[in-house]
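Peer 1: Sequence and predicted structure are below.
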There are 2 protein chains.
Amino acid sequence: MAHDLFLYESISARLRSHIRQGSYQAGERLPSTRTLSRLFQVSVNTVTQCFRQLEADGFIEVRPRSGVFVADEVPDSRKLPELPHFPLLPVEVSLSEEILHYMEPHRQLELAHLGIALPSPDIMPIDRVLRTFRDVTRKHARDTWDYMHPHGHERFTHQLSRRSLKYPVPITTEDIIVTNGCMEAIELALRTVTQRGDTVAVETPAYYGSLLALDVMQRRALEIPTHYRDGVCLYSLEQAFKRGQVRACLLSTNAQNPLGFTMSPERKRKLVQLSTTYGVPIIENDIWGDTVYEGEALPAKAYDEAGMVIYCNSFSKSLMPGLRLGWVAPGRFHHRLRELKQISSITTASAPQLLMGRLMESGFYAQHIQHLRRELAKQTRETADLVLEGFPAGTRVDSPTGGCVLWVGLPYRMDSRILFDQALAAGIHTFPGSVFSAGSRHHNYLRLNAGSPVTERIKAAILQLGELATKL
Amino acid sequence: MAHDLFLYESISARLRSHIRQGSYQAGERLPSTRTLSRLFQVSVNTVTQCFRQLEADGFIEVRPRSGVFVADEVPDSRKLPELPHFPLLPVEVSLSEEILHYMEPHRQLELAHLGIALPSPDIMPIDRVLRTFRDVTRKHARDTWDYMHPHGHERFTHQLSRRSLKYPVPITTEDIIVTNGCMEAIELALRTVTQRGDTVAVETPAYYGSLLALDVMQRRALEIPTHYRDGVCLYSLEQAFKRGQVRACLLSTNAQNPLGFTMSPERKRKLVQLSTTYGVPIIENDIWGDTVYEGEALPAKAYDEAGMVIYCNSFSKSLMPGLRLGWVAPGRFHHRLRELKQISSITTASAPQLLMGRLMESGFYAQHIQHLRRELAKQTRETADLVLEGFPAGTRVDSPTGGCVLWVGLPYRMDSRILFDQALAAGIHTFPGSVFSAGSRHHNYLRLNAGSPVTERIKAAILQLGELATKL
């Protein structure tokens, strides 16, 4: 049963790709469960699971007593392509020049900012939060002034740990180490469990900041096929673990940037189980976790009985980037990570911790993220509609489950780096897909920020971008 | 002439040690300049320089036309011992357990805090600074909110660079990268110019935070003999450079912690020249630079024409530790260090930069450090007096030129770690000398904080400490 979970994904992917490529035509009857079970050498049960998934995805129709048929209309442009297949080969990461080049225009205020991934301050409670900030520095002048305990301020870490009480395996206050944003947490995690030259498994597409970290730290990347809705392929991951190819994983399970998927609880559990079985630590970047639109998305860390997950998070996306306030729960790697933190910055500034402690304590933060989720869901939907309206035929875009970015697939062979240049000349900042891969993938993709309310200006920018893409 | 600068130190040290050991008795005539010049195989000029230094130190008297005589009273307990001599051997650093053990009591509020090295908030303008802090977050809400340019906020970096206009080689705004305190700057610098296993030259005694960094990052330390008033021995340093023993140096030239010396401009220049000649970068920790009591102490960086000095500083000691605001000017290593900074924490929090920009712009900071210097000079003097009053005969303590710590030499063979335990039991936190060396030196030393005004409580604690030491 456990094993099935990976297998069925891989087989679903193959079936989807057969359907896409026309090996099975619209309306055609698929081979029987039994036949497919023999063909793929898997249990009947696994094939049934595949069918269930393919049906949910709209690829097939299961007609009781008649059999399984390819849907008349195969899933439309609202979907990204299926799980790609490619050999698992570690690669050197050499992206920093490219990433810095594409980030550069980010500071030009006059541009239409579709490049960065950040909710706009327009939908954030700036005044209220800064008022509270001033208030805590007044009431806790001495604490604000002084160095804090390297772990962080209790009032803050206690609140963080309380939020995890609903996890099957909660995070204890003692396990938390406060950091300067999520990126410091990730970097400390990488330094804790890997050495120069080691290989780290990542999604593809992956957050370019993760790839940049691997580049600068001279770690290699092993890109794991990643499904736009299910997340990283656990089957491929297990292959890599089995072969001893990777020293650690660096990934997101909630509202992943750029794909926007949230892994199911079952798959998160499975992921942790694999990590434990093969002894490969997982660095979980949960920076978008609080923005998942629907339901309560626990991180993989929630299922981490063995302490194999190094959980990293911050408030940069969900509240205030300028705070630079993050934290890490390193599980069994706590001691070493704490050492590295202590020498890298001794401790983290006090005032932001006092602020966030207060905002969580009072319930304000919980209330705020409810509001934020609604806004982001609305904005991404509206932005996606505009993309489908303005971009050339064949453009695909998925509906993310959280966050504020869209991963836009341009018609095959279009190069989004050319579009980047043309858009920039027209005053629009975008982010090309190529920097989301260390292995030269995703050239025809584009990541668009949907962090801002869709004003006339944003609307015009997206439609103009679509025109530019059409002309390409 | 250049060469003389190192030689004369080394020879002065030998002569001092002969005098201390009684090879030359009080009042005895020393051999002539010419004889010593032949004996040590150096120029007459060099010997003359030695005499000048020994005279200034009070070891000898130069009687015109009669010769040079050992002083009747050899320098007293206000002086620390002379430049020690030992072979230059790189050692693995393994101090983290010990350091963390001795730091631990730092958080216990009820103790008398003579352990840490930090000016007390009692002599800091907390209210005024926090008021300004609140003011900038009100006036620059958007800037406070958002990510900043990875380099830092212009308003802040511009002020920093202005302060260096008086340097022979000023620091440009473009060279500055803002960090989370000085420790992040140092760590980034070490990662920029050294690899795991490399050897780094440090003073002995050295700031234990530097040694902790080397330990955690698995760099080896080469301890260079360091004079309590002149700083690191340039002659020994050049030997180490010549032999290719070290990949970088990590040291302070102003108000060094724990010795309290400030190197002369001539020696700073020389240090930079050596670094340039042998291509060995210097990581300069100038965190105490602004506290030098008298005159204007430029850092070695001020003479750095070739960009070999990675200059690190922060406001944690001179104003507010809780800000976690530091900066680094990496010279020719700028590009790589910026890459590492960007992935380690993307950027540094905004509000502290706006605050310090404002405090420097208005002249408040410059005014504040004048006041701070006076207070610290007074406190260290008073604390030193108490030590000499209460500690056993044979205790030595130097008069530091800046900062707020005293390096107290207990009578030989006394182990300050035992004193640490006894003092802690009596409610007094100290810091034993052993953690200031990777090579098991300084066991009979103790570092005492003089950051607080000498209240009755502090006075009682120091005298009690002296009693405990006497009983040992």
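Peer 2: Nice, thanks for sending it over. Numbering: from 1, shown residues only, chains lettered A, B, ... in the order given.
Peer 1: Please report how far residue A:120 lies from chain B.
Peer 2: Distance, residue A:120 to chain B, using C-beta to the nearest C-beta, to the nearest Å: 10 Å. To be clear about C-beta, it is placed using only N, CA and C from the backbone, and glycine gets the same treatment.
Peer 1: ok, that residue - contacts?
Peer 2: A:451, A:452, A:453 (C-beta atoms under 8 Å, 6 or more residues apart in numbering or on different chains).
Peer 1: The same query, at a cut-off of 10 Å, please.
Peer 2: A:113, A:375, A:379, A:404, A:449, A:450, A:451, A:452, A:453, A:455, A:458 (C-beta atoms under 10 Å, 6 or more residues apart in numbering or on different chains).
Peer 1: what about residue A:368, distance to chain B?
Peer 2: Residue A:368 is 14 Å from chain B, by C-beta to the nearest C-beta.
Peer 1: Now that residue: closest residue in space, sequence neighbours ignored.
Peer 2: Closest residue to residue A:368 apart from its sequence neighbours, by C-beta to C-beta, 6 or more residues apart in numbering or on different chains: residue A:125 at 6.1 Å.
Peer 1: can you check residue A:36 too?
Peer 2: residue A:47 (4.8 Å).
Peer 1: I'd assumed residue A:8 was in contact with that neighbour.
Peer 2: Yes - here residue A:47 reaches residue A:8: they are 7.9 Å apart, a contact under C-beta atoms under 10 Å.
Peer 1: Who has more neighbours out of the two?
Peer 2: Relative neighbour count places residue A:47 above the other of residue A:47 and residue A:8, with 28 against 23, counting by other C-beta atoms under 10 Å in any protein chain shown.
Peer 1: Please identify the buried residues of whichever strand or helix holds the more buried one?
Peer 2: According to DSSP states H and E, residue A:47 maps onto helix A:44-56. Within helix A:44-56, the residues that count as buried by 16 or more other C-beta atoms under 10 Å in any protein chain shown are A:46, A:47, A:49, A:50, A:51, A:53, A:54.
Peer 1: gap between the second one and chain B?
Peer 2: Which is residue A:47. Distance from residue A:47 to chain B, by C-beta to the nearest C-beta: 44 Å.
Peer 1: so who does that residue touch?
Peer 2: A:4, A:7-8, A:11-12, A:15, A:30-40, A:68.
Peer 1: got it, and the fourth one?
Peer 2: Residues counted as contacts of residue A:50 (C-beta under 10 Å, 6+ apart) are A:4, A:7-16, A:33, A:36-37, A:40, A:42, A:60, A:68.
Peer 1: Neighbours of the closest residue to residue A:308 other than its chain neighbours, how many?
Peer 2: Distance criterion C-beta to C-beta, 6+ apart; nearest residue to residue A:308, sequence neighbours excluded, is residue A:275 at 4.5 Å. If you count neighbours by other C-beta under 10 Å, residue A:275 ends up with 22.
Peer 1: Any chance of the backbone angles for residue A:275?
Peer 2: phi -60, psi -40 (degrees, to the nearest 10).
Peer 1: Surely residue A:140 touches residue A:156?
Peer 2: No - with contacts counted by C-beta under 10 Å, residue A:140 stays clear of residue A:156, the gap being 11.7 Å.
Peer 1: Common neighbours of these two, please.
Peer 2: With C-beta under 10 Å, 6+ apart as the test, residue A:140 and residue A:156 both reach A:350, A:354, A:355, A:357, A:358.
Peer 1: Can you tell me the SS state at the last one?
Peer 2: When you say that, I think you mean residue A:358. helix (DSSP: H, G, I helix; E, B strand; the rest coil).
Peer 1: Which stretches in the stretch 201-350 of chain A count as helices?
Peer 2: Secondary structure of the stretch 201-350 of chain A by DSSP state H, counting those that start in this stretch: the helices cover A:208-216, A:234-242, A:265-278, A:334-345, A:350-361.
Peer 1: can you tell me which of those helices comes nearest to residue B:338?
Peer 2: For residue B:338, the closest of the helices of the stretch 201-350 of chain A is helix A:208-216, at 10.0 Å, according to C-beta to C-beta.
Peer 1: for chain A, which helix is longest?
Peer 2: helix A:364-390 (DSSP state H).
Peer 1: Return the set of buried residues in that one.
Peer 2: Quick answer for helix A:364-390 (16+ other C-beta under 10 Å): A:364-365, A:368-369, A:372-373, A:375-377, A:379-384, A:386-388, A:390.
Peer 1: Next: stretch A:330-340.
Peer 2: Within stretch A:330-340, the residues scored as buried using 16+ other C-beta under 10 Å are A:330, A:331, A:333, A:334, A:337, A:338, A:339, A:340.
Peer 1: Give me the distance between the two termini of stretch A:447-460.
Peer 2: Start and end residues of stretch A:447-460 are separated by 17 Å (C-alpha to C-alpha, to the nearest Å).
Peer 1: thinking again about what came up before, out of residue A:140 and residue A:156, which sits in the busier spot?
Peer 2: More neighbours surround residue A:156 than the other of residue A:140 and residue A:156, with 28 against 21 (other C-beta under 10 Å).
Peer 1: Look up how far residue A:265 lies from the more buried one.
Peer 2: Distance from residue A:156 to residue A:265, counting by C-beta to C-beta, to the nearest Å: 27 Å.
Peer 1: which bits of the stretch 301-450 of chain A sit near chain B?
Peer 2: Within the stretch 301-450 of chain A, the positions near chain B by C-beta under 10 Å from any C-beta of the partner chain are A:314, A:316, A:319-326, A:335-336, A:338-354.
Peer 1: Can I get the buried ones among the residues you listed as something I can paste into ChimeraX?
Peer 2: Restricted to buried positions by 16+ other C-beta under 10 Å, the ChimeraX selection for those reads:
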select /A:314,316,319,320,321,322,323,324,325,326,338,339,340,341,342,343,344,345,346,347,348,349,350,351,352,353,354
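Peer 1: who are the neighbours in contact with residue A:207?
Peer 2: A:117, A:186, A:213, A:250-252, A:256-258, A:285, A:287-288, A:405, A:435-436, A:447.
Peer 1: Out of these, which is nearest to residue A:102?
Peer 2: Of those, the one sitting nearest to residue A:102 (C-beta to C-beta) turns out to be residue A:435, at 6.0 Å.
Peer 1: tell me the SS of the closest one?
Peer 2: Per three-state DSSP, residue A:435 ends up helix.
Peer 1: Tally up the residues packed near it, please.
Peer 2: By other C-beta under 10 Å, neighbour count at residue A:435 equals 27.
Peer 1: Also residue A:455?
Peer 2: The local packing of residue A:455 (other C-beta under 10 Å) involves 12 other residues.
Peer 1: same check, this time on the one 3 residues further on
Peer 2: Using other C-beta under 10 Å, residue A:458 has 23 other residues around it.
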